[in-house]
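Peer 1: Have a look; sequence and predicted model below, questions after that.
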Amino acid sequence: MEREFIAERQKGLQAYLDVITTHHILSNCELVKKFLDPNSYSVNYTEIALQHVSMFFRSEPKWEVVEPLKDIGWRIRKKYFLMKIKNQPKERLMLSWADLGPDKYLSDKDLQYAVKLLSSCSHPYIYKITFATANESSALVIRPFSEKGTLKDLIYKVRSAPPPPCKLLDLENSLLGLPSFYRSYFSQFRKINTLEGVDVHCFGHLLYEMTYGRPPDTIPVDSFPPAPSVFVVSVLESILTCEAMKNGMPTVSRLLQMPRKNLFIPTKLKEALKTSKECTEKRLTEEQKLIHQHRRLTRAQSHHGSEEEKKKRKILARKKSKRSAYESGEEHSAKYSNSNNSGNYSEESLLLHSYVNVFVLVVIFWLKRCRVTINLHVNTELPKPSTTAMRI
């Protein structure tokens with residue numbers, strides 16, 4: 001296959017994956033995650049959840065698991081089961097199990113106390129919790145089974161039953177440290193760095209979906225379609241517009257002034273929850289810093305890999321290679337001249353040495369001749385010894 005064809009197909013596949021991963025629902029789908037990262041998502045979470053639930057109910061024999069409930073919720077590691085009480089077989093209950101998330105900062109003791117406290121919470125707009133417990137790795141909550149579905153079922157007209165009063169579910173998620181469904185949105189904006197701001201931002205998403213019957217296409221929202229109430233649009237504009245993202249979320253002080261049922265929470269647990277809140281906000285801030293640094297690095301890499309930068313680097317490389325070639329040529333010529341000079345010096349020294357040797361030989365020969373001549377002259381001039389002298 002031709003390289004151009006393969007490169008074109010790769011670009012098309014990358015664009016297709018970018019669309020899927022930027023879609024909030026599809027990016028959290030278990031099948032998509034298994035396709036993109038099969039090693040990290042090869043575990044059967046339903047079986048793991050069933051094992052943990054069975055261990056929980058060793059000391060609670062009155063509960064019985066009927067069957068797992070599939071296709072509920074978006075969390076991969078949160079599973080649901082249909083339950084019943086053995087002495088009340090007609091009453092249908094729903095159990096939700098989840099392992100602890102990255103924002104779990106409560107101690108095991110405080111978490112156990114806080115989760116059990118949820119079952120005592122009674123409010124007309126909070127879905128009743130029948131039983132709740134937690135351990136060092138996971139938690140489970142049992143509620144009455146809602147046969148009429150959820151608010152999303154009503155928005156998308158999955159069920160035709162008349163809407164009952166809306167009640168909040170899954171209040172335990174924040175205690176268990178589970179990330180928010182909209183975390184990928186508000187983590188992009190550094191002004192949303194408190195849990196109050198996170199709650200307001202999530203409320204804006206919910207209000208938009210309830211008003212228009214679908215979630216917003218992009219965040220921030222540039223323009224809002226006509227709504228049944230102008231007040232709703234003004235609230236959405238104060239939460240989801242680009243200006244709101246830059247300036248920060250509005251407070252919920254007016255909501256807190258509404259009459260509500262007070263729930264007694266011990267002082268020690270209040271301090272633990274406050275510490276957990278601060279740790280969660282700290283992790284959010286750190287994640288936003290990492291995202292900001294990654295954006296800067298990506299911009300730098302894209303700038304570094306542009307065609308203009310590549311041409312500049314090629315020109316600089318050519319200039320550098322020419323300069324190095326010129327310097328290496330000068331160095332080679334200098335070495336060649338030094339080697340020639342050293343060769344001439346060696347020839348001159350050899351010639352001088354030979355002349356000296358010849359001169360020394362001539363001098364030695366001349367001295368030997370002179371000695372022989374001197375000896376001859378001395379022998380001829382000496383007188384003969386007398387006999388008298390010999391007698392003496």
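Peer 2: Sure, I can see it.
Peer 1: in the longest strand seen in the chain, what counts as buried?
Peer 2: Taking residue count as the measure and DSSP state E as the definition, the longest strand of the chain comes out as strand 88-99. Burial within strand 88-99, assessed by neighbour count using 16 or more other CB atoms under 10 Å, is assigned to Leu93, Met94, Leu95, Ser96, Trp97, Ala98, Asp99. In this view, the C-beta of every residue, glycine as well, is placed from N, C-alpha and C.
Peer 1: Make JSON lines from those and add distance to Leu175 and pLDDT to it.
Peer 2: Formatted as JSON lines, the buried residues of strand 88-99 follow (distance: CB to CB, whole Å; pLDDT from 0 to 100):
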{"residue": "Leu93", "distance to Leu175": "21", "pLDDT": "95"}
{"residue": "Met94", "distance to Leu175": "19", "pLDDT": "95"}
{"residue": "Leu95", "distance to Leu175": "17", "pLDDT": "96"}
{"residue": "Ser96", "distance to Leu175": "13", "pLDDT": "96"}
{"residue": "Trp97", "distance to Leu175": "14", "pLDDT": "96"}
{"residue": "Ala98", "distance to Leu175": "11", "pLDDT": "95"}
{"residue": "Asp99", "distance to Leu175": "13", "pLDDT": "93"}
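Peer 1: residues in contact with stretch 60-75?
Peer 2: 25, 28, 46, 50, 53-54, 57, 79-87, 94-95, 98, 131, 142, 178, 181 (CB atoms under 8 Å, 6 or more residues apart in numbering).
Peer 1: Could I get the full set of strands for the stretch 51-200 of the chain?
Peer 2: 63-69, 78-85, 88-99, 131-134, 138-144 (DSSP state E, counting those that start in this stretch).
Peer 1: Distance to Ser302 added to these, as CSV?
Peer 2: Supplementary listing: the strands of the stretch 51-200 of the chain in CSV, determined by distance: least, CB to CB, whole Å:
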stretch, distance to Ser302
strand 63-69, 46
strand 78-85, 37
strand 88-99, 38
strand 131-134, 46
strand 138-144, 42
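Peer 1: Quick one: closest of those to Phe224.
Peer 2: If you check each of the strands of the stretch 51-200 of the chain against Phe224 by CB to CB, strand 78-85 wins as the nearest, at 32.4 Å.
Peer 1: Now the closest one: average pLDDT?
Peer 2: pLDDT averaged over strand 78-85 equals 94, rounded to a whole number.
Peer 1: CA atoms only: put it into CSV for me.
Peer 2: Below are the C-alpha coordinates for strand 78-85, written out as CSV (Å, rounded to 0.1, in the frame of the first residue of the first chain):
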residue,chain,number,x,y,z
LYS,A,78,-20.3,1.1,39.8
LYS,A,79,-22.6,-1.9,39.5
TYR,A,80,-26.3,-2.4,40.3
PHE,A,81,-28.2,-5.5,41.6
LEU,A,82,-31.8,-6.3,42.1
MET,A,83,-32.3,-7.2,45.8
LYS,A,84,-35.0,-8.5,48.1
ILE,A,85,-35.4,-9.3,51.8
